[in-house]
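Engineer: Sequence first, then the predicted structure, then my questions.
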Amino acid sequence: MKKAEMMDKYFDSYGKKISSSEICHVVDLIFKVNLDEIPILSKEKEEADGGSSSTGNALASREAIDSYLNQYDREITGAEIRKIINEIFGVNLEAISSLEGARISLYSKGQWVVQHEKDLFVVYSGARDVDVKVVPTNYFTEQTGLVELPTDLQHLLTNIGYYFDEKIDSYYFLNPTGEAVPDAFKGKTIGAILGVIQHSFSNL
């Protein structure tokens with residue numbers, strides 16, 4: 001069962017009005033994502049300028065979720081909760097759920113969101129989500145002898161805007177607008193990696 005389905009089952013059986021605290025608990029339990037440690041999107045500049053305590057951030061996070069929940073005069077669905085979380089924090093739980101079994105690790109917002117021992121590639125996004133880099137895992141290197149991304153993946157990433165940054169030894173993309181990388185771009189990145197895994201490395 002995918003993580004999004006597990007979340008839906010939990011809330012379907014909850015039987016009472018869902019609180020922001022319960023949502024944070026379930027997201028941490030199922031997705032291993034601590035929303036209390038992720039700045040809400042409107043607070044990112046404030047955090048970059050002056051920072052805030054983890055307690056203050058947790059309070060702001062829950063207040064932001066509650067403000068959305070208060071707009072609903074009926075039971076809210078798991079899909080709606082995931083949409084709210086994406087809007088508030090820029091954390092796409094639907095996309096994270098779809099990565100289960102894809103053999104792609106994901107590090108985002110300062111946390112490992114998806115990581116398994118036999119994953120082949122890692123997608124790192126920066127603290128404010130404005131940049132992304134893609135690297136092979138140690139497992140991939142051990143199995144193939146390749147210390148860099150396969151050539152076909154290099155070409156695919158270059159075609160969507162990545163370049164090889166020698167300083168960090170990775171294929172790298174920085175959003176020129178200074179805003180968070182759009183979900184559509186992340187989807188293209190994941191799609192390119194999945195295509196190469198399925199075509200060339202599904203036997204690893």
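Structural biologist: Now that the structure is in, tell me what you want to look at.
Engineer: ok, and what's touching the helix or strand encompassing Met7?
Structural biologist: Assigned by DSSP states H and E, Met7 falls within helix 3-12. Residues outside helix 3-12 that contact it (Cβ atoms under 8 Å, 6 or more residues apart in numbering) are 1, 18, 26-27, 30-31, 76-79, 81-82, 93-94, 96-97, 100. (Each C-beta comes from the backbone N, C-alpha and C, glycine too.)
Engineer: Which among those count as buried?
Structural biologist: If you count burial by 16 or more other Cβ atoms under 10 Å, the buried members of the contacts of helix 3-12 come out as Ile18, Val26, Val27, Ile30, Phe31, Ile76, Gly78, Ile81, Arg82, Leu93, Ile96, Ser97.
Engineer: quick one: which of those is nearest Gln111?
Structural biologist: Of all those, Phe31 has the smallest distance to Gln111: 9.8 Å, by Cβ to Cβ.
Engineer: helices and strands of this protein: which one bottoms out on pLDDT?
Structural biologist: Every helix and strand of the chain was ranked by mean pLDDT, DSSP states H and E. The lowest is helix 44-49, at a mean of 42.
Engineer: Report the next helix or strand after that one in sequence order.
Structural biologist: helix 54-69.
Engineer: List the buried residues of that next one.
Structural biologist: By neighbour count on 16+ other Cβ under 10 Å, the buried set for helix 54-69 is Asn57, Ala58, Ala60, Ser61, Arg62, Ala64, Ile65, Tyr68, Leu69.
Engineer: who's sitting farthest from the centroid in this protein?
Structural biologist: Here the chain reaches farthest from its C-alpha mean at Asp73, the gap being 29.5 Å by Cα atoms, centre = their mean.
Engineer: so where's this structure uncertain?
Structural biologist: 15, 42-56 (pLDDT under 70).
Engineer: would you list every one of the strands in it?
Structural biologist: Using DSSP state E, the strands of the chain run over residues 104-108, 111-114, 121-125, 131-136, 163-165, 170-174.
Engineer: Now render those strands as JSON lines, adding distance to Leu149 and mean neighbour count.
Structural biologist: Shown next, in JSON lines, are the strands of the chain (distance: least, Cβ to Cβ, whole Å; neighbours: other Cβ atoms under 10 Å):
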{"stretch": "strand 104-108", "distance to Leu149": "13", "mean neighbour count": "20"}
{"stretch": "strand 111-114", "distance to Leu149": "18", "mean neighbour count": "18"}
{"stretch": "strand 121-125", "distance to Leu149": "7", "mean neighbour count": "21"}
{"stretch": "strand 131-136", "distance to Leu149": "6", "mean neighbour count": "20"}
{"stretch": "strand 163-165", "distance to Leu149": "9", "mean neighbour count": "13"}
{"stretch": "strand 170-174", "distance to Leu149": "6", "mean neighbour count": "19"}
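Engineer: Give me the distance from the helix holding Met7 to the chain's centre.
Structural biologist: Helix 3-12 has its C-alpha centroid displaced from the chain centroid by 18 Å (Cα atoms, centre = their mean, to the nearest Å).
Engineer: what do you get for stretch 125-143?
Structural biologist: Distance of stretch 125-143 from the chain centroid (Cα atoms, centre = their mean) equals 12 Å.
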